[in-house]
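Engineer: I would like to see how this sequence folds:
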Amino acid sequence: MKTIIHVNQHVIKANRVNGTNEPPLTVKDYKRNRRAHTAVIGGPSRIVHSPHAPLSCGARVWIETQSEVVTS
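Structural biologist: Numbers count the residues shown, from 1 in each chain. I've put the predicted structure just below:
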């Protein structure tokens, strides 16, 4: 199952402005979206930069893996 991980820069900015600590990582697979502070990838992965074809969420850089991803 393909999993995509990206950093939500809007959450990082909001945390800085509001003094909060919301998780800035989004870990997406076909079943769910998980928000996390850390993501451990259990095998091969690749980093994708796609400025002209971003993800539907707007991300232009993300990590893709077929391996298990453990979040916290």
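Engineer: quick one: contacts of the helix or strand that contains Arg16?
Structural biologist: Arg16 belongs to helix 9-18 when assigned by DSSP states H and E. Identification of contacts with helix 9-18 by Cβ atoms under 8 Å, 6 or more residues apart in numbering yields 20-24. To be clear about C-beta, it is placed using only N, CA and C from the backbone, and glycine gets the same treatment.
Engineer: what is the nearest of the residues you listed to Pro51?
Structural biologist: When the contacts of helix 9-18 are ranked by distance to Pro51 (Cβ to Cβ), Pro24 comes first, at 20.5 Å.
Engineer: excluding its backbone neighbours, what's nearest the closest one?
Structural biologist: Distances taken as Cβ to Cβ, 6 or more residues apart in numbering put Val11 closest to Pro24, at 4.4 Å, once the chain neighbours are dropped.
Engineer: what's the answer for Arg34, then?
Structural biologist: Using Cβ to Cβ, 6+ apart, the nearest residue to Arg34 is Val27, at 4.4 Å.
Engineer: check contacts around His52.
Structural biologist: With contact set as Cβ under 8 Å, 6+ apart, His52 has no partners.
Engineer: I'd like the distance between it and Arg60.
Structural biologist: To Arg60, His52 is 9 Å away according to Cβ to Cβ, to the nearest Å.
Engineer: same check on His6?
Structural biologist: Distance from His6 to Arg60, by Cβ to Cβ: 9 Å.
Engineer: who has more neighbours, those two?
Structural biologist: Neighbours were counted for His6 and for Arg60 using other Cβ atoms under 10 Å; His6 has more, 21 against 13.
Engineer: can you lay out the contacts of helix 9-18 as CSV showing secondary structure?
Structural biologist: Below are the contacts of helix 9-18 laid out as CSV (DSSP: H, G, I helix; E, B strand; the rest coil):
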residue, secondary structure
Thr20, coil
Asn21, coil
Glu22, coil
Pro23, coil
Pro24, coil
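Engineer: from the residues you listed, which would you call buried?
Structural biologist: Buried members of these, scored by 16 or more other Cβ atoms under 10 Å, are 23-24.
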